[in-house]
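# Using only what follows, build the 3D model:
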Amino acid sequence: LQSAARGLPAIRQYTTSTLGLDLDAAHAAVKTAGRPRLPAPTSVSAQLPAVLRAGLRAPAGSGNSSGGSATAGAAPPASAPPPEVCAVLPAAAASPRGLVRAGLIALVSGGAAAVGPRLPEVWMLDAERLHAAQNAFQQLVVTAAAFLLVNQVRLQNATALAAVPSSQGSDGDSVASAVPLPPPPLDAAAAKRRLRVLLADPSINICHLVTELSLMVGLPGIGQPPEAVSNAEASLKAALRRVVDPSGPAFRSLSNGLSAALLLHMLFGCGDGSGSGEGSSGGGSSVPDVPALVGRILGRLGAGILTDDVMALGAQLLALAGVSEGLHLSAVYEPLASLALEQHAHAVAAAAAAPGGGGATAVAAVAEAMAGAEDKEQQQAAALAHMQAAPSP
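Alright, predicted model coming up:
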């Protein structure tokens, strides 16, 4: 929750600069519209037996202990089915629910394993689901990187092919015969399916990905010499390594874009397509079209084909958040979220009051102050664990 509160200004800045979307205004518009943002959950309580029995003995209180008749021990009237647990929508970004969902996305999209020693106790029962969600997020990042790289390479190759005849001599026939033919159009849906199968294989390595990307790019092309094909594959492999490097700017851009798309889904739901797809920076009342906004974010990353996949992962995370909020919101999340927001407000005020505090300097001071408090807590926890693990004399 502290990490989500610390990253809240960056989230607002990203949605405003990328989509022109004010999260607070969008929340107010969705809340005012009053439309259900999720489909009604399918109730399974009607399919469950009202009484579980073993053997032929009638249930207690039925007035028949012989158990000889199948109808002698009639089941008592079933009580009202329990209410279905589903996520509350919309959720404000700075509310406890918003911080929980942003923190869940940060947990899944982080470089460290989502399921580890530092996993909060309230998420222990969802460890397997969190592990699956993190795998799905990583597959989305690699798939988005693949489409981004393929689109760039295909565009560069098309530009180079178009420039070859005009840059050669007057012998047009010999030049045209040496120019390789352009690759066929890319079937993005089929390529996505093949990448999904590849990434689901635990034994995959980067050579397998490069082979698939070479086919997507159009290698080997007709008329291309073997040396050119080998050089192009080596260049593609080096570019893929740079894009999927977690410390590189391309990977951070992809991860941030996917995280923002997931957060939009978890704050406003799947949407009903009635909005304009545009944000409202003022007091506008337009309901945001979440699928369109997600498509715009992914389109900027060259991975618009992944809109449905991102929405599906957002629905899974939203279901996890809904159950956890239903169990722990008032007892755990609300006090911790209030404390995290209060600490963030104090850090912002201290940074603004500091000499020369403003702009990026103030943001860095806020991050340093809150990170220092978090590091202190981690040091205390590590010291406590060391004391507990130390052998007694």
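# can you give me the helices in the chain?
Counting by DSSP state H, the chain has helices at residues 2-19, 23-33, 96-109, 127-163, 172-178, 188-200, 206-217, 226-243, 249-268, 290-300, 307-328, 334-353, 360-389.
# Any buried residues in stretch 150-166, and which?
If you call a residue buried by 16 or more other CB atoms under 10 Å, then stretch 150-166 has these buried ones: V150, N151, V153, R154, N157. C-beta coordinates here come from the backbone N, C-alpha and C atoms, glycine included.
# thought the third one was touching L236?
When you say that, I think you mean V153. Yes. At 6.7 Å, V153 counts as touching L236 under the criterion of CB atoms under 8 Å.
# which residues are common contacts for the two?
Residues touching both V153 and L236 (CB atoms under 8 Å, 6 or more residues apart in numbering) are V217.
# A347: how many residues sit nearby?
22 (other CB atoms under 10 Å).
# If you could redo that for Q138, that was the one I meant.
For Q138, the count of nearby residues is 16 (other CB under 10 Å).
# State the distance from it to H346.
Counting by CB to CB, to the nearest Å, the gap from Q138 to H346 is 35 Å.
# Also P249?
From P249 across to H346, the span is 32 Å (CB to CB).
# Same question for L149.
Relative to H346, L149 is positioned 44 Å away (CB to CB).
# Which residue of the two possesses the greater neighbour count?
L149 (21 against 13).
# Just list the residues touching that one, thanks.
By CB under 8 Å, 6+ apart, the contact set of L149 is L213, L236, A239, L240, V243.
# same thing with E325?
A87, V88, P96, R97, V100, Y333.
# so where's the protein shaky on pLDDT?
Residue ranges of the chain with pLDDT under 70: 34-85, 164-181, 220-224, 271-286, 356-393.
# What values do phi and psi take at the nearest residue to K31 once chain neighbours are set aside?
Spatial nearest neighbour of K31, excluding adjacent residues (CB to CB, 6 or more residues apart in numbering): P90 at 5.6 Å. Reported as degrees, to the nearest 10, the phi and psi values for P90 are phi -80, psi 170.
# same deal with D245?
Dihedral angles for D245 - degrees, to the nearest 10 - are phi -70, psi 120.
# D187 too?
With angles defined as degrees, to the nearest 10, D187 sits at phi -90, psi 90.
# can you check A113 too?
Per-residue torsions, A113: phi -60, psi 130 (degrees, to the nearest 10).
# Touching, it and Q138? I think so.
No. The pair A113 / Q138 is not scored as a contact, 10.9 Å apart, by CB under 8 Å.
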